[in-house]
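A.B. asks: how would this look folded up:
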Amino acid sequence: MSTSSKAGSGEFTGRHMWMLAIGFFGVVITVNITMAVISATSWTGLVVDNSYVASQEFEEKRLAHQAQLDAGWISSLSYAGGQALLSVADGNGAAIDLGQPVLRINRPVGGHDDQQVTLVRQPDGTYVGPVALSPGVWEALVSVAETPLGPYEIHERFRIEGVAP
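C.D. replies: Down below sits the predicted model:
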(Lines give C-alpha, C1' and ligand atoms only; values in the text may rest on other atoms or scores of the structure.)
Protein backbone atom coordinates (compact mmCIF):
# COMPACT_ATOMS: atom_id res chain seq x y z
CA MET A 1 0.00 0.00 0.00
CA SER A 2 1.39 3.33 -1.05
CA THR A 3 0.92 6.48 1.04
CA SER A 4 2.17 8.90 -1.57
CA SER A 5 -0.47 11.35 -2.61
CA LYS A 6 -0.28 12.73 -6.04
CA ALA A 7 -2.86 15.29 -7.12
CA GLY A 8 -4.93 13.97 -9.90
CA SER A 9 -6.32 16.13 -12.67
CA GLY A 10 -9.20 18.36 -11.57
CA GLU A 11 -8.30 18.20 -7.89
CA PHE A 12 -8.27 21.52 -5.99
CA THR A 13 -4.92 21.92 -4.28
CA GLY A 14 -3.19 24.42 -2.03
CA ARG A 15 -1.44 25.82 -5.08
CA HIS A 16 -4.83 26.58 -6.68
CA MET A 17 -6.02 28.29 -3.51
CA TRP A 18 -2.83 30.37 -3.37
CA MET A 19 -3.26 31.54 -7.00
CA LEU A 20 -6.93 32.31 -6.38
CA ALA A 21 -6.11 34.42 -3.29
CA ILE A 22 -3.28 36.27 -5.08
CA GLY A 23 -5.57 36.97 -8.06
CA PHE A 24 -8.44 38.18 -5.88
CA PHE A 25 -6.37 40.52 -3.74
CA GLY A 26 -4.43 41.68 -6.80
CA VAL A 27 -7.69 42.82 -8.42
CA VAL A 28 -8.90 44.49 -5.21
CA ILE A 29 -5.63 46.36 -4.69
CA THR A 30 -5.44 47.40 -8.37
CA VAL A 31 -9.00 48.78 -8.29
CA ASN A 32 -8.33 50.65 -5.02
CA ILE A 33 -5.14 52.24 -6.36
CA THR A 34 -6.91 53.21 -9.60
CA MET A 35 -9.82 54.82 -7.71
CA ALA A 36 -7.44 56.65 -5.36
CA VAL A 37 -5.49 58.10 -8.30
CA ILE A 38 -8.68 59.16 -10.09
CA SER A 39 -10.09 60.83 -6.97
CA ALA A 40 -6.81 62.59 -6.20
CA THR A 41 -6.57 64.07 -9.70
CA SER A 42 -10.22 65.05 -10.20
CA TRP A 43 -12.55 67.72 -8.82
CA THR A 44 -12.09 68.43 -5.12
CA GLY A 45 -15.77 69.02 -4.41
CA LEU A 46 -14.97 72.36 -2.77
CA VAL A 47 -17.95 74.69 -3.04
CA VAL A 48 -16.98 77.40 -0.54
CA ASP A 49 -13.56 78.29 0.82
CA ASN A 50 -14.71 78.51 4.44
CA SER A 51 -17.89 76.67 5.40
CA TYR A 52 -18.09 78.41 8.80
CA VAL A 53 -18.14 81.87 7.22
CA ALA A 54 -20.64 80.68 4.61
CA SER A 55 -22.94 79.42 7.35
CA GLN A 56 -22.79 82.79 9.12
CA GLU A 57 -23.71 84.63 5.91
CA PHE A 58 -26.56 82.27 5.06
CA GLU A 59 -29.20 83.86 7.29
CA GLU A 60 -28.38 87.38 6.05
CA LYS A 61 -28.72 86.21 2.44
CA ARG A 62 -31.95 84.35 3.20
CA LEU A 63 -33.54 87.41 4.82
CA ALA A 64 -32.42 89.67 1.96
CA HIS A 65 -33.82 87.22 -0.59
CA GLN A 66 -37.15 87.11 1.24
CA ALA A 67 -37.29 90.93 1.36
CA GLN A 68 -36.59 91.05 -2.38
CA LEU A 69 -39.35 88.53 -3.08
CA ASP A 70 -41.75 90.48 -0.83
CA ALA A 71 -40.92 93.65 -2.80
CA GLY A 72 -41.83 91.83 -6.02
CA TRP A 73 -38.34 91.59 -7.51
CA ILE A 74 -38.26 89.44 -10.63
CA SER A 75 -34.90 88.18 -11.90
CA SER A 76 -33.99 86.67 -15.22
CA LEU A 77 -30.58 85.38 -16.32
CA SER A 78 -30.07 84.15 -19.87
CA TYR A 79 -27.32 83.40 -22.37
CA ALA A 80 -27.36 83.96 -26.12
CA GLY A 81 -24.80 84.80 -28.76
CA GLY A 82 -21.84 84.87 -26.41
CA GLN A 83 -23.55 87.31 -24.02
CA ALA A 84 -24.95 86.80 -20.54
CA LEU A 85 -28.04 88.93 -19.92
CA LEU A 86 -29.38 89.77 -16.45
CA SER A 87 -32.67 91.53 -15.90
CA VAL A 88 -33.94 92.48 -12.44
CA ALA A 89 -37.17 94.42 -12.04
CA ASP A 90 -39.30 95.45 -9.08
CA GLY A 91 -42.99 94.72 -8.62
CA ASN A 92 -43.89 97.62 -10.94
CA GLY A 93 -41.61 96.39 -13.74
CA ALA A 94 -39.00 99.12 -13.21
CA ALA A 95 -35.37 98.03 -13.60
CA ILE A 96 -33.41 97.87 -10.35
CA ASP A 97 -29.94 99.43 -10.20
CA LEU A 98 -27.59 96.75 -8.87
CA GLY A 99 -24.37 98.67 -9.35
CA GLN A 100 -21.83 96.23 -10.77
CA PRO A 101 -23.11 92.66 -10.53
CA VAL A 102 -20.47 89.94 -10.86
CA LEU A 103 -21.22 86.79 -12.86
CA ARG A 104 -19.30 83.65 -11.93
CA ILE A 105 -19.88 80.79 -14.31
CA ASN A 106 -18.44 77.29 -14.15
CA ARG A 107 -19.03 73.62 -14.86
CA PRO A 108 -20.96 71.85 -12.07
CA VAL A 109 -18.17 69.28 -11.74
CA GLY A 110 -14.53 69.45 -12.63
CA GLY A 111 -13.33 72.88 -11.57
CA HIS A 112 -12.42 73.88 -15.11
CA ASP A 113 -13.64 76.48 -17.61
CA ASP A 114 -14.44 78.89 -14.74
CA GLN A 115 -15.12 82.48 -15.77
CA GLN A 116 -15.86 85.69 -13.92
CA VAL A 117 -17.35 88.74 -15.61
CA THR A 118 -18.54 92.09 -14.27
CA LEU A 119 -21.86 92.81 -15.97
CA VAL A 120 -22.41 96.27 -17.46
CA ARG A 121 -25.72 98.13 -17.18
CA GLN A 122 -27.41 98.96 -20.47
CA PRO A 123 -29.71 101.94 -21.13
CA ASP A 124 -32.78 99.71 -20.80
CA GLY A 125 -31.71 98.66 -17.28
CA THR A 126 -30.50 95.16 -18.14
CA TYR A 127 -26.95 93.98 -17.50
CA VAL A 128 -24.79 92.37 -20.17
CA GLY A 129 -21.38 90.71 -20.20
CA PRO A 130 -19.38 88.67 -22.72
CA VAL A 131 -19.08 84.97 -21.89
CA ALA A 132 -17.76 82.22 -24.18
CA LEU A 133 -19.44 78.91 -23.34
CA SER A 134 -18.93 75.56 -25.02
CA PRO A 135 -21.71 72.94 -25.14
CA GLY A 136 -22.61 71.17 -21.92
CA VAL A 137 -23.98 71.92 -18.45
CA TRP A 138 -23.07 75.18 -16.69
CA GLU A 139 -23.79 76.82 -13.34
CA ALA A 140 -24.04 80.58 -13.04
CA LEU A 141 -24.02 82.76 -9.94
CA VAL A 142 -24.67 86.49 -10.11
CA SER A 143 -23.92 88.34 -6.91
CA VAL A 144 -24.08 91.90 -5.67
CA ALA A 145 -22.73 92.67 -2.20
CA GLU A 146 -25.21 95.43 -1.42
CA THR A 147 -28.56 96.52 -2.82
CA PRO A 148 -31.33 98.60 -1.24
CA LEU A 149 -32.70 95.31 0.15
CA GLY A 150 -29.43 93.59 1.13
CA PRO A 151 -27.13 91.26 -0.77
CA TYR A 152 -28.45 89.89 -4.05
CA GLU A 153 -27.75 86.49 -5.61
CA ILE A 154 -29.24 84.48 -8.42
CA HIS A 155 -28.20 80.89 -9.15
CA GLU A 156 -28.96 79.22 -12.47
CA ARG A 157 -28.02 75.88 -13.98
CA PHE A 158 -28.46 75.53 -17.72
CA ARG A 159 -27.35 73.52 -20.73
CA ILE A 160 -25.74 74.73 -23.93
CA GLU A 161 -26.82 72.36 -26.68
CA GLY A 162 -24.32 70.82 -29.06
CA VAL A 163 -21.56 68.27 -28.83
CA ALA A 164 -19.64 68.69 -25.59
CA PRO A 165 -15.85 68.49 -25.87
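A.B. asks: Any buried residues in stretch 50-66, and which?
C.D. replies: For stretch 50-66, the neighbour count (16 or more other Cβ atoms under 10 Å) marks Ala64, His65 as buried. All C-beta spots, glycine's among them, are computed from the backbone N, C-alpha and C.
A.B. asks: ugh, typo on my part, it should be stretch 154-164
C.D. replies: By neighbour count on 16+ other Cβ under 10 Å, the buried set for stretch 154-164 is Ile154, Glu156.
A.B. asks: so what pLDDT did Leu77 get?
C.D. replies: We have a pLDDT of 92 for Leu77.
A.B. asks: Then the one 4 residues further on?
C.D. replies: Reported pLDDT at Gly81 in the predicted model: 87.
A.B. asks: Roughly how far does it sit from Val102?
C.D. replies: Per Cβ to Cβ, to the nearest Å, Gly81 is found 21 Å from Val102.
A.B. asks: Looking at the two, which has the bigger crowd around it?
C.D. replies: Val102 (15 against 6; other Cβ atoms under 10 Å).
A.B. asks: Check whether the more buried one really touches Ser143, as I assumed.
C.D. replies: Yes: taking contacts as Cβ atoms under 8 Å, Val102 lies within contact range of Ser143: 5.7 Å.
A.B. asks: Lovely, talk soon.
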